[in-house]
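In: Build the 3D model from these lines:
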Amino acid sequence: MTKTMTNSNPIQFGYFLTPTTDYPEVLRRAKLCDASGYDLIGIQDHPYQSRFLDTWTLLAALAAETERVRLFPDVANLPLRPPAMLAKAAASLDVISGGRIELGLGSGAFWEGVHALGGDKRTPGESVDALEEAIHVIRLMWSGNRGVRYDGRHYQLRGAHSGPVPAHPMGIWLGAYGPRMLALTGRLADGWVPSSSYAPPQKLPAMQTRIDAAAAEAGRDPSAVRRAYNVMGFIGDSPSAAPFQGPVGQWVDELTSLYLDTGIDTFIIGLPEPPGDQLERFIGEIAPRVRENVSQPSIGTVIQ
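Out: Residues are numbered from 1 along each chain as shown. Prediction:
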């Protein structure tokens, strides 16, 4: 018997796609995800990496080559992407793709690389302040209103004509780890998307508590914040003490527990490069069993 927590969001599965310059291989994986039942493709955004394609250009190309899978930057590098134009780009791509885009957003990282491309080096406090301003700017730019204004320290709108309006209620999902970022997620964001490399499973409950408390204090239902998780690992042959590095059964148990016990509802799977047949194995052997476990009507009963 496993203790469960309330989770009103349906479980989803995605793939963490590395934007290497081998576009034919990147496209093959994206089409495989689209055809095999993945819900999402997340693409990291590190413009200072010379071996990576530009994330927004790639998102547009993959949106044109796929039919059903949703796509998002995982997460967009705010210091190098002004929020008004980021909002315009995301909404435009959502319209073009028929409502298949979400917006992952981060406060910035790898500041030497950001600075090398002309971006500002920000202190941790400045980066959180700028991210909060950006959320307001983006939502104003999605409003469809004319003459919108915003007077922030980092970002301003001076009578901008907003639009286009996204084709669906697009979410802003934050890559957040520190206390202020987690509180910001609870107060203003539509989703949370940490990575297991920086937020291992044992740290999730305390981080979730901060999000929930901030949401409640802001008068929001904490369940309104989708909980996505970039899970870095591989499907192995032998059991492992390390999370996300064992055989199919171990993966099923771990992901089922994360959904039922910590409220994680979306799993974005980062697999070895090249992944071999791991993409197919995950969606064919692991995802269906986890879905079955979390949909059981008897509270807390998990099928092994």
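In: Read off the pLDDT value for the residue nearest in space to the middle of the chain.
Out: Geometric centre of the chain, nearest residue: residue 193, 4.3 Å, by C-alpha atoms, centre = their mean. Looking at residue 193, its pLDDT reads 98.
In: And for the lengthiest helix in the chain, what's in contact with it?
Out: Secondary structure of the chain per DSSP state H: the longest helix is helix 124-141. Here helix 124-141 makes contact (C-beta atoms under 8 Å, 6 or more residues apart in numbering) with 78-79, 83-84, 86-88, 90-91, 103, 105-108, 122, 148, 150, 152-155, 157, 160, 162-163, 172, 174, 178, 180-181, 184, 188-189. C-beta here means a position set from N, CA and C on the backbone, and glycine is covered the same way.
In: in it, what counts as buried?
Out: 126-135, 137-141 (16 or more other C-beta atoms under 10 Å).
In: re earlier: list the contacts for the residue nearest to the centre of the chain?
Out: Neighbouring residues of residue 193 by C-beta under 8 Å, 6+ apart: 42, 74-75, 104, 173-175, 228-230, 266, 268.
In: follow-up on the earlier one: out of the contacts of helix 124-141, which are inside helices?
Out: Judged by DSSP H, the contacts of helix 124-141 include 83-84, 86-88, 90-91, 180-181, 184, 188 as members of helices.
In: what's in contact with the helix or strand where residue 56 lies?
Out: Element membership of residue 56, judged by DSSP states H and E, is helix 55-65. By C-beta under 8 Å, 6+ apart, the residues outside helix 55-65 that reach it are 19, 23, 26-27, 30-31, 41, 43-45, 47, 71-73, 76, 81, 89, 93, 96-97, 100-101.
In: Now do the helices in the stretch 201-304 of the chain.
Out: Using DSSP state H, counting those that start in this stretch, the helices of the stretch 201-304 of the chain run over residues 204-217, 248-262, 278-281, 287-294.
In: burial count for residue 24?
Out: When neighbours are counted by other C-beta atoms under 10 Å, residue 24 registers 6.
In: can you tell me the helix or strand for it?
Out: In the assignment (DSSP H and E), residue 24 maps to helix 23-36.
In: roughly how far is that helix from the heart of the chain?
Out: Chain-centre distance of helix 23-36: 19 Å, with C-alpha atoms, centre = their mean, to the nearest Å.
In: Check what contacts it and list those residues.
Out: 14-15, 17-20, 41, 53, 58, 61-62, 65-69, 274-275, 279-280, 283-284.
In: Out of the contacts of helix 124-141, which end up buried?
Out: Neighbour-count burial within the contacts of helix 124-141 applies to 78-79, 83-84, 86-88, 90-91, 103, 105-108, 122, 148, 150, 154-155, 157, 160, 162-163, 172, 174, 180-181, 184, 188-189; the criterion is 16+ other C-beta under 10 Å.
In: hang on, the earlier thing: and the helices of the stretch 201-304 of the chain: which comes nearest residue 235?
Out: helix 278-281 (5.3 Å; C-beta to C-beta).
In: Report the buried residues of the closest one.
Out: For helix 278-281, by 16+ other C-beta under 10 Å, it's 278-279, 281.
In: Point out the other helices and strands that that helix packs with.
Out: In terms of contacts (3 or more C-beta pairs under 8 Å, 6 or more residues apart in numbering; DSSP states H and E), helix 278-281 is packed against helix 23-36.
In: which outside residues touch the next helix-or-strand element following the helix it packs on?
Out: Next along the chain after helix 23-36, taking DSSP H and E as the criterion, comes strand 40-43. Strand 40-43 is contacted by residues 12-19, 30, 33, 55, 58-59, 62, 69-74, 102, 104, 193, 230, 266, 268 when judged by C-beta under 8 Å, 6+ apart.
In: Buried by neighbour count: which residues of strand 40-43 qualify?
Out: Going by neighbour count (16+ other C-beta under 10 Å), the buried part of strand 40-43 is 40-43.
In: Equivalent analysis for stretch 72-85, please.
Out: Within stretch 72-85, the residues that count as buried by 16+ other C-beta under 10 Å are 72-81, 83-84.
In: Am I right that residue 247 is in contact with residue 236?
Out: Yes. If you go by C-beta atoms under 8 Å, residue 247 and residue 236 touch, sitting 6.0 Å apart.
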